[in-house]
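>>> Sequence below, structure please.
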Amino acid sequence: IGFVAYDQFIMKGKFEQKIPFSLFSGTEEKNVYNYSCQGKVYCSEMTSCDEAKFYLRNCPNTQMDGDGDGIPCESQWCSW
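The predicted structure is shown next:
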């Protein structure tokens, strides 16, 4: 519950995800997904699980995690 609370409290304020370095190599990388908050709030507006995860972590007022487990769009995009 600590991570979920942190994720909801801290990460909701960020509006664009930048990935400054690789966790494995330590080298800089571009923002792999190039997503930005554009007012999408529902799973039906997403095009992938990665996009849904970005929105859930970084964008305000999303409606993509009905059970509050931190996994968005489980019936549509992130069912694995």
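>>> Which residue ranges of the protein form strands?
Along the chain, counting by DSSP state E, no stretch forms strands.
>>> Let me know the distance separating Trp80 from Gly39.
In this view, Trp80 and Gly39 are 27 Å apart by Cβ to Cβ, to the nearest Å. Where C-beta positions appear, they are placed from N, C-alpha and C, glycine not excepted.
>>> So the two - more neighbours on which side?
Set side by side, Trp80 and Gly39 show more neighbours around Gly39, with 9 against 6, by other Cβ atoms under 10 Å.
>>> Pass me the low-pLDDT residue ranges in the chain, would you?
Low-confidence regions of the chain, defined here as pLDDT under 70, cover residues 1-33.
>>> Could I get the full set of helices for it?
Taking DSSP state H to define them, one finds helices in the chain at 2-10, 49-58.
>>> Could you export the last one as CSV, CA atoms only?
Taking only C-alpha atoms (Å, rounded to 0.1, in the frame of the first residue of the first chain), the coordinates of helix 49-58 have been written out as CSV:
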residue,chain,number,x,y,z
CYS,A,49,-1.1,-0.9,-21.9
ASP,A,50,2.1,1.3,-21.9
GLU,A,51,0.0,4.4,-22.7
ALA,A,52,-2.5,3.5,-20.0
LYS,A,53,0.3,3.0,-17.4
PHE,A,54,1.8,6.4,-18.4
TYR,A,55,-1.5,8.2,-17.9
LEU,A,56,-2.3,6.5,-14.6
ARG,A,57,1.2,7.4,-13.2
ASN,A,58,1.5,10.9,-14.6
